[in-house]
Structures are given as C-alpha cells and as structure tokens.
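Trainee: Here is a sequence with its predicted model. Questions after.
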2 protein chains.
Amino acid sequence: MKLIEREVVTALRRHGYKLTPQRRLVIQTVVSTQNHLTPIALYERVHQVYPNIGLVTIYRTLEILAKLKLICEVHAGGSCGSYLLKRPLEHHHHLICSECGAVVDFTGCDLSQLEQRLSLETGFEINDHLLEFIGLCQACQKEAT
Amino acid sequence: MKLIEREVVTALRRHGYKLTPQRRLVIQTVVSTQNHLTPIALYERVHQVYPNIGLVTIYRTLEILAKLKLICEVHAGGSCGSYLLKRPLEHHHHLICSECGAVVDFTGCDLSQLEQRLSLETGFEINDHLLEFIGLCQACQKEAT
DNA sequence: TATATAAATGATAATATTTTTCATTTAGAA
DNA sequence: TTCTAAATGAAAAATATTATCATTTATATA
C-alpha cells in the first residue's frame, strides 16, 4: 500500500469511520490517479473491479473524504464537482490540463499581501480563496500538433 | 437605462440576437444586482415581473450572455453555476461574501509572474486562471455579532 | 474465536437541475 | 404591413444528487 493511501486510511479510522472494501477501493482509485474525477468517472473505474458497488457509496465516500479534507474539489474549465486527492499537507493550488484532466499541485503563491490589501479596501473579512490555473500539459501540447 | 445595460443590449444585437422583452428583463435583473445569482434565483426575480416567463428562457439567455462573455460564473463557497454581470472591461477577479452572495470586483492582481514560473517548472501552456476570495462583507460581519 | 451492535451498503425512490423537442409566437428586416 | 428566421414556453427527457430503508458487515468486546 502506498504511503499516502495508508495516511488516508488512517485518517478515516481515526475519525471513527469503518474501513470497508468499497471505501478501500475508492481510496485506492483516487490515490492512484493524477486526474480529477467526477463521482461518475470514479464509479466507472471502481465498478470494473467491484461490479456490485452502488453509485451512492461513491458519493458518500467522497463526502467523508471532503469533510476530512483529504480531497480537493476543482472548478476551472467546467470541472466543478470533480475531486482529486489532496496530496498532503500544505496549502497548495492546482494547475489543470483542460485536455486530459491531469492536475499538478503547486505551492509558493503568496496571496497574503493581496488579501490584506483587499481586506483594507473593501472591509471584507477574508476567509479563504480559490486559485487554479488551466492550460495544456506537455503531453497534450504534443498531441495537438 | 443604465449605461452598462445598454452596452449589454448592444452587444446582443451586434451578434444578431433579437431583443425580446424576456431577455431585456433578464439583463435588467442581472445588471441591477451586485450578487451572484443561480438560474433559479434569477428566474424567481424575473418571474415576479413577468410571470409567464419559462425557466428555459433564463437558461438560454444565460448561455448567450456567457458565450458573449458578458457574465462571469463564480465558484467559491459552493456557488458553482451562479452568474454575475461582468462589469466591463478589464480582466478582474471576485471577492465573494459567503453569507449574502455580494460580489466585489477587484483588479491589480498580477499573476503573470507566477504564471511564468509555473510554465517553466511544469511545461504547461497556461491559458487561463481562476481566482476568487471568499469572506464576509462588512454588513454581514455586523449581523454576525 | 464468537457475538453483538452500530455503521455501511445497495436497491429504490425522490428531488433537483439542466437539456431537448416541438408547436406557437414574435422581433425586426424588407 | 408582411414575411421569416429566431425565440418562447410547455412538456418531456436526460442528468445529477440525495433520502429512505431493509439487509449486510466491520469491528469492539466478551
């Protein structure tokens, strides 16, 4: 089992959730893809290994993983409602390929200065932000030629 | 008619779309709110003035306005599928109140340096980005006390 | 290891959202 | 004013998500 998979499993159990074969499979599938997946895409993959699984179980598992902040939702390029493993641990953002859905994480974007400026200018109490870049990954650039 | 409303109307006609009373009302409604609106919220408002309008017309009008880039979609804080007038003209971003849905536009965030860095590091060809801040507007902060 | 129990599952139905279809109406050009 | 392509609204269809509930199962504990 991958280290990161074990971390997810551990987090689940620490919060009192049972580790069923279905959940294990969903986690394995999410861990082993770099792409963002919709619940249905995830279902299709898991279904091939475990044909008896219900789509509801996917939704429920995603809900738990989201609550525990083990996955992130992506939005850019019409991808709302797609999820992606949150490769721990720090605050990070995503660079998304509009063609194949591959996601690269990045850190080191300091928005705090901007945040402070906006707070001052608008009086908002800023709690969170959403930053995504969208483009073509190297592989998809080559294919496009 | 507000200046900005006229601009939207003009853009519609320039692209060969007819200006129906329904479309005019949808536009008026979008122009006159600072909040982001779901198709259904928009429908409810327009419906009060024009009870005969169909929800489909809302969807179709939003589709056109989005295609002409006259409105923006917002995402942060579970607001996917909500729209907002694109107050012209420059590239800008949004600061969204999670309580009341009010949106404040801001410019002057230069991501191009970061974009360049990411391009170099990852080989991505970056085409677009999504940046939103979410928080509480002044009014909602006061109410919360 | 066997048992008890609360939690999880999957089938089904219910809800919600968005799109399609199509007959009728209408904006705007001629 | 007339004509025609475009737009509308009603209805149905397609999608996506959530709720209900009887059955099964993971796991704590005897």
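Mentor: Good, I have the coordinates.
Trainee: leaving aside the residues next to it on the chain, what's closest to the residue lying farthest from the centre of chain A?
Mentor: Taking CA atoms, centre = their mean, the residue of chain A most remote from its mean C-alpha position is A:E121, at 32.4 Å. Once flanking residues are discounted, A:E121 sits nearest to B:F106: 7.5 Å by CB to CB, 6 or more residues apart in numbering or on different chains. Using the backbone N, CA and C atoms, a C-beta is placed for each residue, glycine as well.
Trainee: that older thread, tell me the spacing between the residue farthest from the centre of chain A and B:E132.
Mentor: 16 Å (CB to CB, to the nearest Å).
Trainee: give me the number of residues near the closest residue to A:P21 other than its chain neighbours?
Mentor: In space, and not counting its chain neighbours, A:P21 is closest to A:Y50: 7.1 Å by CB to CB, 6+ apart. Close neighbours of A:Y50, defined as other CB atoms under 10 Å in any protein chain shown, add up to 13.
Trainee: and the closest residue to A:H15 other than its chain neighbours, what is it in contact with?
Mentor: For A:H15, ignoring the flanking residues on the chain, the nearest one in space by CB to CB, 6+ apart is A:L68 at 6.2 Å. Residues near A:L68 by CB atoms under 8 Å, 6 or more residues apart in numbering or on different chains: A:A11, A:L12, A:H15.
Trainee: what about A:R117, how many neighbours?
Mentor: Neighbour count of A:R117, defined by other CB under 10 Å: 13.
Trainee: tell me the SS of it?
Mentor: What DSSP: H, G, I helix; E, B strand; the rest coil gives for A:R117 is helix.
Trainee: which residue packs closest to the residue most central in space within chain A, ignoring adjacent ones?
Mentor: Nearest residue to the geometric centre of chain A (CA atoms, centre = their mean): A:L84, 2.0 Å. Using CB to CB, 6+ apart and skipping the chain neighbours, the partner closest in space to A:L84 is A:H36 (4.4 Å).
Trainee: ok, which stretches of chain A are helices?
Mentor: In chain A, helices defined by DSSP state H lie at A:3-14, A:21-31, A:39-49, A:55-67, A:112-122, A:138-144, listed in chain order.
Trainee: what does the third one contact?
Mentor: Read it as helix A:39-49. Counting by CB under 8 Å, 6+ apart, A:22, A:25-26, A:29-30, A:37, A:53, A:55, A:58-59, A:62, A:81-83 sit against helix A:39-49.
Trainee: one more time with 10 Å, if that's ok
Mentor: A:21-22, A:25-26, A:28-30, A:32-33, A:35-38, A:53-59, A:61-63, A:81-83, A:101 (CB atoms under 10 Å, 6 or more residues apart in numbering or on different chains).
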